[in-house]
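> Kindly return the folded structure for what I paste below:
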Amino acid sequence: MDSTLIILAVSLALASVLNIILTKFSISHIIGYIITGTIISIVFSIDGGAADSHNSLDLIGEFGIVFLMFTIGLEMSFAKLHKLKYLIFFNGFMQVALCSISIFCLAYFAFSVDVTSSVIISLAFSLSSTAIVLPYLKKSKDIITPYGEKSVAVLIFQDIAVIPILLLISFLADDSLPLSDILLKTALYGTIIIVFMFTIGKRIIAWLLHFSSKAQMEELFLGSVFTIVLGTSLIAHSFGFSYSLGAFIAGMIIAETKFHLKVETDIASYKDLLLGAFFFSIGTKIDVSYFASNFFIVLSLLVLVMLVKAVIIFLLIRHKSNKSESVKSAIALCQIGEFSFAIFTLAGNQNIITAELQSSLILITVLSMIVTPFMVNNIYKIAALFADDFFESDKITPIDASGHTIICGFEILGKIVARKLEKNNVKFYIISDNLQHVLVARERGYIAYFGHLDKLPVLDSLKVKDSHSVILTLDSLVTKQIIIEAVLNYYPDANIITQVNTRKEKLALNKFKINSLIHARNEIATLMVNESTSENIIESQVVNEERTILPSNTIEPKP
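Numbering: from 1, shown residues only. I've put the predicted structure just below:
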């Protein structure tokens, strides 16, 4: 116990420091947990009691995956599946199937891996990283772009496919059954537990959530959610399935109830903590000496796998999409996902694959997840090497205009400015580095571009030298300084108009030659005073009118 507490204390401190550092370089916190596990396994390897501690952490990590599958189930409502059914079930199935077949052929024929191991490798490597790609798509607003929508649909199918893959691995551990019997048994048992969960289990879950919510006790509701997750996981495991299956189905059931948003919010922090423990346990399995001696082999295999996946995804998406969407989808999904860790861990625990092969596969997956954040954060730059389109940042077709106004930014202030300019029949163009804002502007019928006004190609394309004015509606002082400096360096006589919110901002922008600095608070104060004064005047007039029409016999009260 003492050893476990020491490992936990050191691990939490080390993970916190590492993740703070990695965040500055836009590297996923998942990598921090993995590196922490690797360091801890080296530091505590001389402790004879560390094995029991690692086993305890493995168990915690396994339930991290359980909670991850539960939250994925929460997002898998039948309405959502129906809306994107073609993208999910056709594109998703074809991606997993084609990638699995291609990687299986490589493993079995090119590298002489046995059939069972080749099946496991192909299925695991066909999956992509939901934990890294989806947060990026949400943060960058790319989730609403065509490539983002297609990528999310494929990720959804992959998350669903994890369940039968884990089930298949569990049955592969039984050497007494042929492959046909294993597949039949997987389908039969899977059907039984799904029917059970969506009939009797659904009633129990609905009753438990309703009862706990009526009690109006947060800890009781949270306890009910944990009971559902752990209970369904244990039921699934008792039937010979993985813990994840029960949790996933429970999430899908709750997704159809009115409690799904509250449940997802309440368990978010616990899920992330447990998932961190899972990646930490993965890090403890990395053999550093093996990695150092086989670095180039592992790196070559990684490049090969990612290239095969990228080509297949590109060709699949290209079937009904343009080249740019296909390229960006391939870049977003060519990595190996976090569920590969779960597959390799389960296969290793069941002795289906050797320890050396498991170590190699985990190393390839870890490297894949390390490079993924760099790829998705620069997805437009990488895609620009192969294709251009409207969504390509800073690639703007030169406009044919003069005397026009350029609006930089399209948040609340930008929308108001655009509406007033439109009302006054002023020709204007919108430029924003937020893709969602660009799409909203285009939906409203405005001419909007996705790019950065501090870039020379954008300044040329928007004909800043021929413009009447440049209106900055941004809030960030740093961003305004960068854009103002770039515009004035390009065209010193540019008519720049921007708002300032504080005296500090005004002093910072005074060094630039800006025609109009609109102090937002002063303008608001002036309007408020004017409104107040006008109301007092009107009220005074009304009172005077009332006094003049009072009957002559009415006695006014004394003040």
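
> okay, Ala131: pLDDT?
For Ala131, the pLDDT comes out at 75.

> now swap in Met76 and tell me
On pLDDT, Met76 comes in at 68.

> swap in the one 10 residues further on?
Reported pLDDT at Tyr86 in the predicted model: 82.

> check which helix or strand covers it.
Using DSSP states H and E, Tyr86 maps to helix 85-86.

> Which strands and helices lie in contact with that helix?
With contacts defined as 3 or more C-beta pairs under 8 Å, 6 or more residues apart in numbering; DSSP states H and E, helix 85-86 has no packing partner among the helices and strands. The way it works is simple: take the backbone N, C-alpha and C, and place the C-beta from them, glycine included.

> What strand or helix carries the residue positioned nearest the centre of the chain?
In the chain, the centroid-proximal residue (C-alpha atoms, centre = their mean) is Pro135; its distance is 1.3 Å. Using DSSP H and E, Pro135 falls within helix 130-139.

> need the next SSE after the helix holding Tyr86, C-terminal direction.
As the chain continues past helix 85-86, the following element, by DSSP H and E, is helix 92-105.

> What confidence value was assigned to Leu474?
pLDDT, read off for Leu474, is 88.

> Touching, it and Cys408? I think so.
Yes - under the criterion of C-beta atoms under 8 Å, Leu474 makes contact with Cys408 at 6.4 Å.

> what do those two both touch?
Shared contacts of Leu474 and Cys408, defined by C-beta atoms under 8 Å, 6 or more residues apart in numbering, comprise Ile483.

> how near is Ser102 to Gly337?
Taking C-beta to C-beta, to the nearest Å as the measure, Ser102 falls 17 Å from Gly337.

> again, but for His468
Distance, His468 to Gly337, using C-beta to C-beta: 51 Å.

> So those two - more neighbours on which side?
Under the criterion of other C-beta atoms under 10 Å, the comparison of His468 against Gly337 puts Gly337 first, with 27 against 13.

> Which stretches in the stretch 401-550 of the chain count as strands?
405-408, 428-432, 448-450, 469-472, 496-500, 516-519 (DSSP state E, counting those that start in this stretch).

> Compare neighbour counts for Leu474 and Cys408 and give me the winner.
Taking neighbours as other C-beta under 10 Å, Leu474 and Cys408 compare with Cys408 leading, 26 against 19.

> Can you name the residues bridging to that one?
Ile431, Leu472 (DSSP bridges).

> Let's see the pLDDT reported for it.
Looking at Cys408, the pLDDT reads 94.

> swap in Gly201?
Reported pLDDT for Gly201: 77.

> Ala250 is in contact with that one, correct?
Yes - look at Gly201 against Ala250 with C-beta under 8 Å: they come within range, at 7.4 Å.

> Mutual contacts of those two, please.
Both Gly201 and Ala250 are in contact with Thr232, where contact means C-beta under 8 Å, 6+ apart.

> More neighbours: which of these two?
A direct count of neighbours by other C-beta under 10 Å for Gly201 and Ala250 places Ala250 higher, at 29 against 21.

> Need the three-state assignment for Val308.
helix (DSSP: H, G, I helix; E, B strand; the rest coil).

> Can you give me the neighbour number for the closest residue to it other than its chain neighbours?
Distances taken as C-beta to C-beta, 6 or more residues apart in numbering put Ser102 closest to Val308, at 5.4 Å, once the chain neighbours are dropped. Residues lying near Ser102 (other C-beta under 10 Å) number 18.

> quick one: contacts for Ser102?
Going by C-beta under 8 Å, 6+ apart, Ser102 touches 122, 308, 312.

> Test my guess that the first one contacts Ala107.
Put plainly, it is Ser122. Yes - using C-beta under 8 Å, Ser122 and Ala107 qualify as a contacting pair, with a distance of 6.4 Å.

> can you tell me how far Gly92 sits from Ile524?
51 Å.

> okay, these two: which has more neighbours?
Remark: of Gly92 and Ile524, Gly92 carries more neighbours, 23 against 10, as counted by other C-beta under 10 Å.

> who's in contact with that one?
Residues near Gly92 by C-beta under 8 Å, 6+ apart: 153-154, 156-158, 160-161.

> and if you look at Ile42?
The contact partners of Ile42, by C-beta under 8 Å, 6+ apart, come to Val288.

> confidence score at it?
81.

> Next: Phe428.
Phe428 is given a pLDDT of 95.

> Tell me who's in contact with it.
Phe428 sits next to 404-407, 418, 421-422, 446-447 when contact means C-beta under 8 Å, 6+ apart.

> Can you tell me which of those has the most neighbours?
With neighbours defined as other C-beta under 10 Å, the most crowded of the contacts of Phe428 is Ile406; it has 26 neighbours.

> thinking it is in contact with Lys427, fair?
No - look at Ile406 against Lys427 with C-beta under 8 Å: they stay out of range, at 10.3 Å.

> which strands and helices sit next to the helix holding Pro135?
So helix 130-139, by 3+ C-beta pairs under 8 Å, 6+ apart, packs with helix 146-172, helix 323-333, helix 355-377.

> Of those helices, which is nearest Ile396?
helix 323-333 (14.9 Å; C-beta to C-beta).

> So which elements touch the helix or strand just after the closest one?
Under the assignment DSSP H and E, the closest C-terminal helix or strand after helix 323-333 is helix 339-349. Packed against helix 339-349, as judged by 3+ C-beta pairs under 8 Å, 6+ apart, are the following elements: helix 50-74, helix 115-125, helix 146-172, helix 260-283, helix 355-377.

> worst average pLDDT in the ones you listed?
With a mean of 66, helix 50-74 has the lowest mean pLDDT of these.

> residues touching the residue lying closest to Ser129 once chain neighbours are set aside, list them.
Excluding its sequence neighbours, the residue lying closest to Ser129 (C-beta to C-beta, 6+ apart) is Gly337, at 4.1 Å. Shown in contact with Gly337 (C-beta under 8 Å, 6+ apart): 127-131, 158, 365, 369.
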